[in-house]
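>>> just the structure for this:
(4 chains)
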4 protein chains.
Amino acid sequence: MSPARLETFADGVFAIAATLLILTVDGAVGGEGIDLGADLAHAWPAYVGYAVSFMTIGVMWINHHTVMDLVARVDRRFLIANLGLLMCIAFVPFPTRLMAEHIRGAGAESAALAYGFTLTATALFFNTVWFYAAIGGRLLRADCDPRVVAGISRTYRIGPLIYLGAGLVAFASPTASALLYLAITVFYILESSIFGGRQTVGD
Amino acid sequence: MSPARLETFADGVFAIAATLLILTVDGAVGGEGIDLGADLAHAWPAYVGYAVSFMTIGVMWINHHTVMDLVARVDRRFLIANLGLLMCIAFVPFPTRLMAEHIRGAGAESAALAYGFTLTATALFFNTVWFYAAIGGRLLRADCDPRVVAGISRTYRIGPLIYLGAGLVAFASPTASALLYLAITVFYILESSIFGGRQTVGD
Amino acid sequence: MSPARLETFADGVFAIAATLLILTVDGAVGGEGIDLGADLAHAWPAYVGYAVSFMTIGVMWINHHTVMDLVARVDRRFLIANLGLLMCIAFVPFPTRLMAEHIRGAGAESAALAYGFTLTATALFFNTVWFYAAIGGRLLRADCDPRVVAGISRTYRIGPLIYLGAGLVAFASPTASALLYLAITVFYILESSIFGGRQTVGD
Amino acid sequence: MSPARLETFADGVFAIAATLLILTVDGAVGGEGIDLGADLAHAWPAYVGYAVSFMTIGVMWINHHTVMDLVARVDRRFLIANLGLLMCIAFVPFPTRLMAEHIRGAGAESAALAYGFTLTATALFFNTVWFYAAIGGRLLRADCDPRVVAGISRTYRIGPLIYLGAGLVAFASPTASALLYLAITVFYILESSIFGGRQTVGD
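This is a model prediction of the structure:
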C-alpha cells in the first residue's frame, strides 16, 4: 500500500469525526423548550466544545500530513499504528459531548477526565506512529532534514504529558481543566498561524 | 502540504455536512404518529430547509474550488483559515434543524437569527480565506487574470452583509427572514446555472 | 473544475448516504425490549429496506461513473444539476426509514408513496444530468460511440416512469409497491452482474 | 471504471462505517445519570465493542487493498460483489451496538449471534470478491506471484468458518463468543504487526 492510500483513508476519518461533532450541539438543544432563545444561550458549552474539538482534530490532521510528507513507504505495523490513532480521533466526539452536557454539573470531573484521557491516548498513538517511522529512519525519506526530524520528536514527546496534566487538573477543578483544553487549542492555532504560518511546514 | 490535499479534506467535510442534513428531516417526522400522511405533510419546513441548506453548501463547495483553482500553494495560516471555514460549514445542519422545527412557533425569531449568524460567520471565513490568499497575490498563481481576482473580491465582500441583513430581518419577521434565505439560494443557483453556466468559471 | 473533482465529491455523498442507512436499522430495534431475539426478528423490514436502498444507491453510483466516463468537461449548470441529483441521493435514507417502520401499519401507503416519489425525483435529476451533457454532445468526449449514447438515453428515459409506476401502485397495495421496489433493485443487479458483467461498461 | 475509483468509494464506506461506531458509545451513556463516573465505568462493553469493531473494519480495509493491489481491471460483476461486501461492512455498527447493550443481559445470545452472522456474511462476500477476481486469473495482474494468490485463497477460505464458529459458540456461552471476537481481532492485529509487519504485503 502506498502512503497516498493511507492518507486518503485517514483524511476520511478526520473529516467525518470533525463533522460528526455537530451531533453534540444538536443534542444540547432539545426541540421541546418553551423559550428557544434561552435554550440556545444556555447551550454555550456545546458551541465551545464543538469549536475546540473541531480545531483540535483539524490541527491533528495538519500534523498527520506533516508526518506523512516525510514518510517514503508504509508497512503493516505502521498501518496498524495508524488505525489505533484514527480509533482515538474518531472517539473524540464522545468526550466532547460529555463536556458539553456535564461541565456545569455534578459530572464535570468525570467529563474532564474522559476528555483528557482520550486526548492523552491520541497523543500516545501519535508518538507510536511517529517513532515507529522515525527511529533509525525506518520509513522516512532519505533526504529528510535531521533537524526537522529532531524537532518533531521533541514536540511529540511532550504532547501526552500536556494532555495528561490538563486532565489531572480536573481532580482539583474541572473548570480549570476545560480552560486548559481551550488554551492548548488556542496555542496550537496561534503557533501555526501567527508564528509558523509563513515558514515551510516542519521548519 | 499541497493544495490538492486540502481540497480532498474540504470535499469530505462539505459532502458529509450536506449528507448529514437528512437527519434534520428524520427528526421532523416521528415514528409514533397515527396519520403518517398528515405528519409528512406537516413536516414541509424540514424539506425546504433540507433543500436550501444542501444547495447552499453545494454552491459554497463550487465557490471553494473556484478559489482553490487560483491558489498555487498553501501555508499553515491558510490551512487554519480553511479549518475555520469548514467548522462553519459543518455547523450548518444545526440551525437548519432549528429552522425546520421552530419557524412556525414561538422560537421562529431565535431560529432565523441562528441561521443568519451561522451563514454570516461562514461568509466572513470565506473572506478570510480569500483575502489572505489574494492580498498582494500571496498564494495565487502568477498567471491569474487580475479582473477575475477583482471580481471575486467584489462578490465576497458583500456576502456577509447579505446574510447579516437577512438575519436581522428576523426581528421584524422571521418568515420574511426565511424567505430571504430561500431567495438567496435560488439567486445563487440561477446566477450559476442560467447566467453563468456557459462561461468559464470566474469570468 | 475538472470532472475528477466532481466525481470525488459525488463519491463522498454516495458513500455517506449508503452508510447512513444503518441508522434506519439502528432505529428499528430499541434497546428496551424484553426479548431481543423477537425484536430482531420483528425488525426484518429494516434489513430488507437497508439492503434494497444500499444496492439502489450503489447501482446509481456505478451509473454515475458510466456517465462521467463519457464527459470531457463540466460547466456550472452541469454542477448544479449534479447537486440536485446528490440532494435526492442523500434523501433516500429518510423514506427508507419510513418504509421500515410503517410498511406493516396504517402509514404503509404514505411510506411507499414517499419512497417512490424520492426515487422518481432521483431518476428525473439523472435525466437532467445526462441530457444536459448529451444533447448536441455538449459536454461529451468527441470519441463517444453514438450507439452507447443512444443506449443510455433510452434506458434513462424510462427510469422515472418505472419508479413513478411502482409508487402509484401503493394506492392499490403498499405491499405490492414495496415488492416492486425490491424487484427493480434485483433486476438492476442481475442486469449488471449476470447479463452485462463481462461486457465493457456501456456496451 | 478503473480500480482506483472503486478504491475511493470503498475507502469512504470503510472510513464512515468505522467512524459511525462512536454513536454506539454515545448511546451507551445517557445524559440523565446522577453519577457520570459510575455511568462511564458501567459502559465498558461499549468501549471494548468500539475498539474491536474499529480494528476489525480497519484490518478489513487493509485486506481490501491487498486484493485491489493484485487487481488489474474491474467489471460490473466485480463491482456488484464489492457493493455486497461494503453493505456488510456498513452494517457492522448495528450488531456492535447490540453487543454493547445486551452482552450482560437476557439478549446476550441474540446479540452475539447477530455479530457473528454479520461478520460471517462479510467474510463470505470477501470470498466472493476474491475468488471472482482470482479464479482463472480473471481480473488479476499478469505478474501476480502464484504463491501469493494461493496464500490469500487459503486464508480467505477459513474466514467465514472462524466467524461462524465463534457465533455458534453463543448458544453455549455468549460471553465466550464475545471473547472469541476479541481474540480474533487481536490475532489479526498481531499477525499483521508482529509477524507480518516487516514483510511486503502479501508475502
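>>> how about the residue of chain A found nearest chain D: what's its closest non-neighbour residue?
For chain A, the residue closest to chain D is residue A:107, as judged by CB to the nearest CB, at 2.8 Å. From N, CA and C alone the C-beta is placed, and that goes for glycine too. Spatially, and ignoring its direct neighbours in sequence, residue A:107 is nearest to residue D:36 (2.8 Å; CB to CB, 6 or more residues apart in numbering or on different chains).
>>> and the one you found, what is it in contact with?
A:98, A:102, A:106-107, A:110-111, D:29 (CB atoms under 8 Å, 6 or more residues apart in numbering or on different chains).
>>> how far away is the closest residue to chain B within chain A from residue B:25?
With CB to the nearest CB as the measure, residue A:36 is the residue of chain A nearest to chain B, at 2.9 Å. Separation of residue A:36 from residue B:25 (CB to CB, to the nearest Å): 20 Å.
>>> go on, residue A:181?
34 Å.
>>> touching chain C at all, the lowest-mean-pLDDT helix or strand in chain A?
Least confident helix or strand of chain A, by mean pLDDT, DSSP states H and E, is helix A:22-28 with a mean of 90. No: counting by CB under 8 Å from any CB of the partner chain, chain C has no neighbours in helix A:22-28; the shortest distance is 11.2 Å.
>>> quick check: closest non-adjacent residue to the closest residue to chain C within chain A.
Distances between chain A and chain C by CB to the nearest CB are smallest at residue A:16, namely 8.1 Å. The spatially closest residue to residue A:16, leaving aside those adjacent along the chain, is residue D:19, at 4.2 Å (CB to CB, 6+ apart).
>>> let me know the secondary structure of the one you found.
helix (DSSP: H, G, I helix; E, B strand; the rest coil).
>>> near it, how many other residues are there?
The number of residues packed around residue D:19, counting by other CB atoms under 10 Å in any protein chain shown, is 29.
>>> residue contacts, it?
A:12-13, A:16-17, A:20, A:90.
>>> go again using 6 Å as the cut-off
Residues near residue D:19 by CB atoms under 6 Å, 6 or more residues apart in numbering or on different chains: A:13, A:16-17, A:90.
>>> can you list the residues that contact the least confident helix or strand of chain A?
A:43, A:46, A:50, A:96-97, A:100, B:90, B:93-94.
>>> from those, which single one is nearest residue B:127?
Closest to residue B:127 out of the contacts of helix A:22-28 is residue B:90 (18.5 Å), distances taken as CB to CB.
>>> show me what counts as buried in stretch A:50-58.
Within stretch A:50-58, the residues that count as buried by 16 or more other CB atoms under 10 Å in any protein chain shown are A:50-58.
>>> ok, and does that stretch reach over to chain B?
Yes: counting by CB under 6 Å from any CB of the partner chain, chain B is contacted by stretch A:50-58 at A:54, A:58.
>>> pull the CA atoms of that stretch into PDB?
Presented in PDB, the C-alpha positions along stretch A:50-58 are these (Å, rounded to 0.1, in the frame of the first residue of the first chain):
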ATOM      1  CA  TYR A  50     -17.600  22.000  19.200                       C
ATOM      2  CA  ALA A  51     -15.100  24.700  18.200                       C
ATOM      3  CA  VAL A  52     -12.300  23.300  20.500                       C
ATOM      4  CA  SER A  53     -12.700  19.700  19.300                       C
ATOM      5  CA  PHE A  54     -13.100  20.700  15.600                       C
ATOM      6  CA  MET A  55      -9.900  22.800  15.600                       C
ATOM      7  CA  THR A  56      -8.100  20.100  17.700                       C
ATOM      8  CA  ILE A  57      -8.900  17.400  15.100                       C
ATOM      9  CA  GLY A  58      -8.100  19.900  12.300                       C
END
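>>> now that stretch: how far from the chain's centre is it?
7 Å (CA atoms, centre = their mean, to the nearest Å).
>>> what of stretch A:99-109?
20 Å.
>>> now do stretch A:29-41
30 Å.
>>> likewise stretch A:37-50?
Going by CA atoms, centre = their mean, where stretch A:37-50 is centred and where its chain is centred differ by 22 Å.
>>> quick check: buried residues in it?
By 16+ other CB under 10 Å, the buried positions in stretch A:37-50 come out as A:39-40, A:43, A:45-50.
>>> ok, now stretch A:153-168?
So for stretch A:153-168, counting by 16+ other CB under 10 Å, buried means A:156, A:159-160, A:162-164, A:166-167.
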